[in-house]
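>>> the following block contains a protein sequence and its predicted model.
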Amino acid sequence: MSIVIVGAGLAGGTAATELREQGYDGKVVLLGAEEHPPYERPPLSKGYLLGNDALDSAFVHPREWYAEHDVDLRTGVEATALDTDGHVVSTTSGDVTYERLLLATGAEPRRLAVAEESGVPVAYLRTIEDSDRLKAAFGEGRRIAVVGAGWIGLEVAAAAREAGSDVTVFETAELPLLRVLGPTVAEVFAGLHREHGVDLRLGASVSPQDLAGADLVVAGVGVSPRLDLARSGGLAVDDGVLVDATLRSSVPSVLAVGDIASHAHPLLGRLRVEHWDTAINQAKTAAHNLAGADEVYDAMPYFFTDQYDLGMEYVGHGSADDEVVVHGDLESRTFRAFWVREGRVVAAMHANDWDATDDLRAAVRSGELPTEG
Ligand code: FAD
């Protein structure tokens with residue numbers, strides 16, 4: 001049997017790895033539009049951007065691994081159309097046939113018109129090249145404007161400050177990360193950035209004039225899943241490729257994982273998650289299912305961030321409307337927080353409390369709020 005994976009990002013690379021590690025010895029083709037072999041993106045806004053970590057550690061494997069494991073990795077090749085009846089993927093370097101197909105085409109940054117109109121150079125952050133560009137632009141006295149105080153915007157702001165840049169962050173909501181974390185915990189991130197000298201401008205829409213004095217504008221206003229290929233193949237899509245609990249699309253020989261997958265999660269309902277951990281673990285389940293298994297993916301979403309001296313991990317799927325219960329001390333930024341809906345814990349996080357992870361996972365699994373102590 002031949003398996004073709006489109007998208008040589010973290011999900012695609014992990015699926016190829018898992019196929020080989022579980023003993024599948026059929027043909028595997030891995031198509032990637034970027035020139036690099038699969039790599040992880042979190043370091044691009046953290047250790048690599050800060051200059052602390054070498055790029056090598058971001059790659060899923062060194063390039064040689066793919067040939068050594070008989071994975072036909074084709075980089076710099078874009079899949080352009082999908083024929084699910086004929087089982088053919090058209091690419092920029094010829095057609096590829098498959099018996100089973102995995103779509104892992106990921107997401108791309110949303111363009112920001114107001115930044116493009118400002119006359120200031122505009123940067124987005126998704127690739128190694130983007131991260132290199134930011135790193136080169138940061139430095140003492142450089143004026144960096146960041147639009148969007150989500151995870152990427154805040155991590156970029158932290159890295160720019162640590163490099164000595166003057167940083168202004170513009171966010172339309174009243175607090176950074178408000179929609180994800182709700183006001184109690186979002187306030188912690190506002191305090192963290194202000195304390196580190198970021199000029200945080202909240203609750204106002206940004207105009208091209210606001211950005212005019214910057215040396216560089218970094219737009220961190222979210223991503224859009226890359227769905228063109230799925231659409232060309234007639235797969236059912238909404239804000240992602242619709243997949244069932246086993247990650248199969250509306251065409252059962254085609255599976256989808258990672259940032260593009262709108263997954264029928266058995267515990268949480270339909271969900272599209274843009275997290276590193278989901279890209280890895282959905283890819284493993286999909287690899288098993290491509291090779292003939294029928295596994296359900298039911299892991300809880302998991303996310304982490306590092307900004308200055310704050311490290312946090314978050315498990316589950318809360319919303320800004322949930323009640324938030326805090327154990328520990330928000331002021332010193334060492335705490336656990338639980339998002340509670342209708343009496344059940346739906347999400348939990350810790351800040352700088354690295355022993356907490358197992359307890360947080362258990363709380364989200366059981367729905368029970370632990371006692372403080
Ligand atoms: P992608 O990583 O987007 O990979 C998809 C690949 O497919 C790309 O290389 C793309 O070029 C290729 N491709 C697309 N279309 C085609 C085509 N038609 N033909 C061939 N190739 C194609 N998550 C966390 O949980 N924690 C973090 O701290 C965190 N930090 C992040 C920091 C940054 C800077 C970024 C950008 C993301 C971060 N994320 C983080 C999110 C995480 O990186 C993503 O969820 C993850 O990369 C998704 O993996 P993926 O393989 O689904 O998609």
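All right, it came through fine.

>>> domain ranges for the protein, per the record?
2-108+223-290, 123-219, 309-366 (automatic domain parsing).

>>> wait, doesn't Tyr297 sit right on Leu247?
Yes: here Tyr297 reaches Leu247: they are 5.8 Å apart, a contact under CB atoms under 8 Å. (Each C-beta comes from the backbone N, C-alpha and C, glycine too.)

>>> and the helices in the protein?
10-21, 47-50, 64-68, 113-116, 128-137, 151-162, 178-181, 183-195, 208-211, 228-232, 276-290, 357-366 (DSSP state H).

>>> using TSV, please lay out those together with mean pLDDT.
Below are these laid out as TSV (pLDDT from 0 to 100):
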stretch	mean pLDDT
helix 10-21	98
helix 47-50	96
helix 64-68	98
helix 113-116	96
helix 128-137	98
helix 151-162	98
helix 178-181	94
helix 183-195	97
helix 208-211	96
helix 228-232	98
helix 276-290	98
helix 357-366	95
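
>>> mind putting these into TSV with mean neighbour count and distance to the ligand?
TSV is the format used below for the helices of the chain (neighbours: other CB atoms under 10 Å; distance: least, CB to the nearest ligand atom, whole Å):
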stretch	mean neighbour count	distance to the ligand
helix 10-21	25	3
helix 47-50	20	8
helix 64-68	14	14
helix 113-116	17	17
helix 128-137	16	7
helix 151-162	25	6
helix 178-181	19	12
helix 183-195	18	14
helix 208-211	17	21
helix 228-232	18	5
helix 276-290	23	3
helix 357-366	17	14
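
>>> with distance to Gly373 added, can I get those in TSV?
TSV is the format used below for those (distance: least, CB to CB, whole Å):
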stretch	distance to Gly373
helix 10-21	37
helix 47-50	34
helix 64-68	46
helix 113-116	47
helix 128-137	41
helix 151-162	30
helix 178-181	24
helix 183-195	20
helix 208-211	47
helix 228-232	48
helix 276-290	28
helix 357-366	11
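
>>> re the thing from before, hey, what's in contact with both of Tyr297 and Leu247?
Residues touching both Tyr297 and Leu247 by CB atoms under 8 Å, 6 or more residues apart in numbering: His263, Gln282, Thr285.

>>> ok, the second one - contacts?
Gln282 makes contact with Ala11, Leu247, Val257, Gly258, Ala261, His263, Tyr297 under the criterion CB under 8 Å, 6+ apart.

>>> still on that earlier bit, for Val218, find the nearest of the helices of the chain.
Closest approach to Val218 among the helices of the chain is made by helix 151-162 (5.2 Å; CB to CB).

>>> with just CA atoms, put that closest one into CSV.
Provided in CSV are the C-alpha atoms of helix 151-162 (Å, rounded to 0.1, in the frame of the first residue of the first chain):
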residue,chain,number,x,y,z
TRP,A,151,0.5,33.9,22.2
ILE,A,152,2.7,34.7,19.2
GLY,A,153,2.4,38.5,19.6
LEU,A,154,3.3,38.3,23.3
GLU,A,155,6.2,35.9,22.7
VAL,A,156,7.6,38.1,20.0
ALA,A,157,7.2,41.2,22.3
ALA,A,158,9.2,39.4,25.0
ALA,A,159,12.0,38.4,22.6
ALA,A,160,12.1,41.9,21.2
ARG,A,161,12.4,43.4,24.7
GLU,A,162,15.0,40.9,25.7
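
>>> contacts for it, please.
45-46, 49-50, 125, 134, 138, 142, 144, 146-147, 149, 167, 169, 171, 176-177, 189, 193, 196-198, 218, 220-221, 303, 305-308.

>>> 6 Å instead?
Helix 151-162 is contacted from outside by 45, 49-50, 125, 138, 144, 146, 167, 169, 176, 196-198, 218, 220, 305, 307-308, using CB atoms under 6 Å, 6 or more residues apart in numbering.

>>> sounds good, over and out.
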